[in-house]
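Enquirer: with the input below, show me the fold.
(chains A, B, C and D)
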There are 2 protein chains.
Amino acid sequence: MAAQKKGAGGKQPTINDVAALAGVSKKTVSRVINRSEFLTEKTRKAVEQAIETLGFVPNPQARALAFRRNFLIALLHDNPNAQTVLNFQQGVLDAIKDSDLALLVRPVDRGSERMLDDVRTFLEKQRPIGALLLPPISENDDLAALCEDLGVRYVRVGSAPLDDAKHCVSSNDREVVAEAVRALIALRHRRIGFVRGPQGFRSAAEREKGFMEALSEAGLDLPAAYNAPGNYRYAAGIEAGEALLSLSEPPTAIFCSNDEMAAGVMSVAHAKRIDVPGALSIIGFDDSPTATHIWPALSTVRWPIREMGVRAAKTLVPDFLPLAGKVDESDSGVLNSTFIQRQSVASPQR
Amino acid sequence: MAAQKKGAGGKQPTINDVAALAGVSKKTVSRVINRSEFLTEKTRKAVEQAIETLGFVPNPQARALAFRRNFLIALLHDNPNAQTVLNFQQGVLDAIKDSDLALLVRPVDRGSERMLDDVRTFLEKQRPIGALLLPPISENDDLAALCEDLGVRYVRVGSAPLDDAKHCVSSNDREVVAEAVRALIALRHRRIGFVRGPQGFRSAAEREKGFMEALSEAGLDLPAAYNAPGNYRYAAGIEAGEALLSLSEPPTAIFCSNDEMAAGVMSVAHAKRIDVPGALSIIGFDDSPTATHIWPALSTVRWPIREMGVRAAKTLVPDFLPLAGKVDESDSGVLNSTFIQRQSVASPQR
DNA sequence: ATCAATATTGACACCGGTTACCAAAATGAC
DNA sequence: GTCATTTTGGTAACCGGTGTCAATATTGAT
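Expert: Okay, the predicted model is just below:
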């Protein structure tokens, strides 16, 4: 049984009750709550004892008022991939679990002209301690400037460093994409197609760089016909698949900038009775649920989104989190993505 | 350009500033803010003028403290399906967009023994106006009782009415599953398999009821070997598929209690070179992204999760929302799910 | 042991609203 | 014109914490 709590009628004990019971002043209790350093072990113990006995929980509203800041972290996102958002959320929640913080979620409408004003109003009203910016909106410099301006801490999440390490958590997507493509080359693929991500997205650019890097290392080049546009949507994968697989000399492997588009390409292959992976290898990116739900299971790149959530939270509010696992100051804030081999890749048939 | 806001340095005006400028007391300003009726038109005008001039916005933290309640809605969930959670979130956000409310998200660990205590602490701390309970955790009566006990409004979301209409929003899953299965029967399927959801879940029970209803209407029965256990996971779909499709007389159609398991069954079919939908029709449930990403695209049932989010919010805090689109009191709170036909269903081959 | 220096603790105002309650002004009846 | 009744405005307390800075307790040096 956990702490004995009072029923519906019973009022929450306040800091005054705790102070009275412990025989100290309000302020001292406040110090204990806020982990002030200037406290005798004895006093601290006494207060903690009283807190325990009463089942006291500091009232966040009162703290927020006095502190002029809510004990909240805002998660700003416009990512269409639900699993990504939720995994990240989960990571953040892992990190703040034993703290006093709570998580406020705020989808942002990138398209809207009023976006910045909306976010400003939101931040002014809610006054969170900090904001976490998920890609692709994390790439918006105005947003970061806005946070700065409003005195809201922020951390941007990206596929490559977007800011200094204090304000950014990222993964090494480029390297890992290159690694994945090298794996194709090692399997003796020479005709390798590419399905791009949307224009102007940093994530898409990084993936493309990684792809091109691996290709040029091997002395291969990318014929224009093998380079298909995309926008991270399934439908774009279908189109790209139709285009690439209708060529007189189609690629034997296709790297898609995300899993959804890979699923689209795979559907086209199935429809055209092209054997995967026998006649066509496919690689995606994200390791979304889709990657394992389609058949054959998709080789893909997993970015450590949940870990990034943990890291982002730790970077954002190190001083509010339980002492365990502080982020090393000298850390670059770059986490490792991983290439995951599944059944959609094999050597090309002769 | 929206409202002219002061820069980083400029402080927010307070109710005192407004009072001073308007030449009245704090209380009078407060009355204007809260639309008290006992005011001279002249006074009201003066105050509103001052508010306008200063660009005054009441501080939510201070109001929360005085009200003893935060202007927040908590979303409690333990749903493994990210898309579902996010769609629901989106619906809630649609509903509260022009209000003073914000959304707090809180995943809940159903397995944990401390779950109830955790939630209690959370609610006591955050003091949201209300809580939204997503399935399957919405089925937990203790949780509803806890909200009641703490004076937190709540609305439970379910696949069938779980509570009175003031506390519940649901969909008519049973009927629509029956409709889907009737469609199979109309296509002359007679050997129809079923992959169950997890034990003890209301959603699973409703889907099963709908399935059995349609079967018995048609005078068909479900052989034990056609009734496979499942837990909503892809792996369970694989197992079920292996079992059902290895039978000497396998079903010609399989209804799976969710899309993930349907994807599993479909993978087994592909691996066994069983043509879908030619030799095997498959239906899922949820209309998750997976449903469209797999090949062939999955016929499935979509529950109106986003609309349910809107509805749930309106039911929870009608008095805090913009006047538009109030929920009709007499409404039962039941929304319609839809059967979606895609390519995974056809008449059985002779 | 004494005194300065430093570590702890407490008193009190304040964060920005709301509510309770009282006083003043306005209205109306006689 | 006087008194009771209804409006309206003001004051002070309060919601439950935190900041400032002075007061007190400890510690170390001499």
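Enquirer: going forward, measure contacts between C-alpha atoms and count neighbours the same way
Expert: Noted.
Enquirer: what is the burial count for residue A:37?
Expert: When neighbours are counted by other CA atoms under 10 Å in any protein chain shown, residue A:37 registers 8.
Enquirer: wait, residue A:190 sits on residue A:219?
Expert: No - the pair residue A:190 / residue A:219 is not scored as a contact, 9.9 Å apart, by CA atoms under 8 Å.
Enquirer: out of the two, which sits in the more crowded spot?
Expert: When neighbours are counted by other CA under 10 Å, residue A:190 and residue A:219 differ, and residue A:190 comes out ahead with 18 against 9.
Enquirer: the more buried one: which element?
Expert: Of the helices and strands defined by DSSP states H and E, none includes residue A:190.
Enquirer: same question, residue A:181
Expert: Residue A:181 belongs to helix A:173-186, assigned by DSSP H and E.
Enquirer: what's whichever helix or strand comes after that helix in contact with?
Expert: Once the chain leaves helix A:173-186, the next helix or strand it forms, by DSSP H and E, is strand A:192-195. Under the criterion CA atoms under 8 Å, 6 or more residues apart in numbering or on different chains, residues A:222, A:226-230, A:237, A:240, A:244, A:251-257, A:261 lie in contact with strand A:192-195.
Enquirer: switch the cut-off to 7 Å
Expert: By CA atoms under 7 Å, 6 or more residues apart in numbering or on different chains, the residues outside strand A:192-195 that reach it are A:226-230, A:240, A:251-257.
Enquirer: Throw the residues you listed into JSON lines and include neighbour count, thanks.
Expert: Shown next, in JSON lines, are the contacts of strand A:192-195 (neighbours: other CA atoms under 10 Å in any protein chain shown):
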{"residue": "A:226", "neighbour count": "21"}
{"residue": "A:227", "neighbour count": "18"}
{"residue": "A:228", "neighbour count": "19"}
{"residue": "A:229", "neighbour count": "17"}
{"residue": "A:230", "neighbour count": "24"}
{"residue": "A:240", "neighbour count": "28"}
{"residue": "A:251", "neighbour count": "22"}
{"residue": "A:252", "neighbour count": "24"}
{"residue": "A:253", "neighbour count": "27"}
{"residue": "A:254", "neighbour count": "30"}
{"residue": "A:255", "neighbour count": "29"}
{"residue": "A:256", "neighbour count": "31"}
{"residue": "A:257", "neighbour count": "32"}
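Enquirer: picking that back up, pull out the buried positions in the helix holding residue A:181.
Expert: Residues of helix A:173-186 classed as buried by neighbour count (16 or more other CA atoms under 10 Å in any protein chain shown): A:173-185.
Enquirer: make JSON lines from the contacts of strand A:192-195 and add distance to residue A:29, secondary structure and pLDDT to it.
Expert: Converted to JSON lines, these look like this (distance: CA to CA, whole Å; DSSP: H, G, I helix; E, B strand; the rest coil; pLDDT from 0 to 100):
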{"residue": "A:226", "distance to residue A:29": "67", "secondary structure": "helix", "pLDDT": "98"}
{"residue": "A:227", "distance to residue A:29": "64", "secondary structure": "strand", "pLDDT": "98"}
{"residue": "A:228", "distance to residue A:29": "63", "secondary structure": "strand", "pLDDT": "98"}
{"residue": "A:229", "distance to residue A:29": "61", "secondary structure": "coil", "pLDDT": "98"}
{"residue": "A:230", "distance to residue A:29": "58", "secondary structure": "coil", "pLDDT": "97"}
{"residue": "A:240", "distance to residue A:29": "64", "secondary structure": "helix", "pLDDT": "98"}
{"residue": "A:251", "distance to residue A:29": "69", "secondary structure": "coil", "pLDDT": "98"}
{"residue": "A:252", "distance to residue A:29": "68", "secondary structure": "coil", "pLDDT": "97"}
{"residue": "A:253", "distance to residue A:29": "65", "secondary structure": "strand", "pLDDT": "98"}
{"residue": "A:254", "distance to residue A:29": "62", "secondary structure": "strand", "pLDDT": "98"}
{"residue": "A:255", "distance to residue A:29": "59", "secondary structure": "strand", "pLDDT": "98"}
{"residue": "A:256", "distance to residue A:29": "57", "secondary structure": "strand", "pLDDT": "98"}
{"residue": "A:257", "distance to residue A:29": "54", "secondary structure": "coil", "pLDDT": "98"}
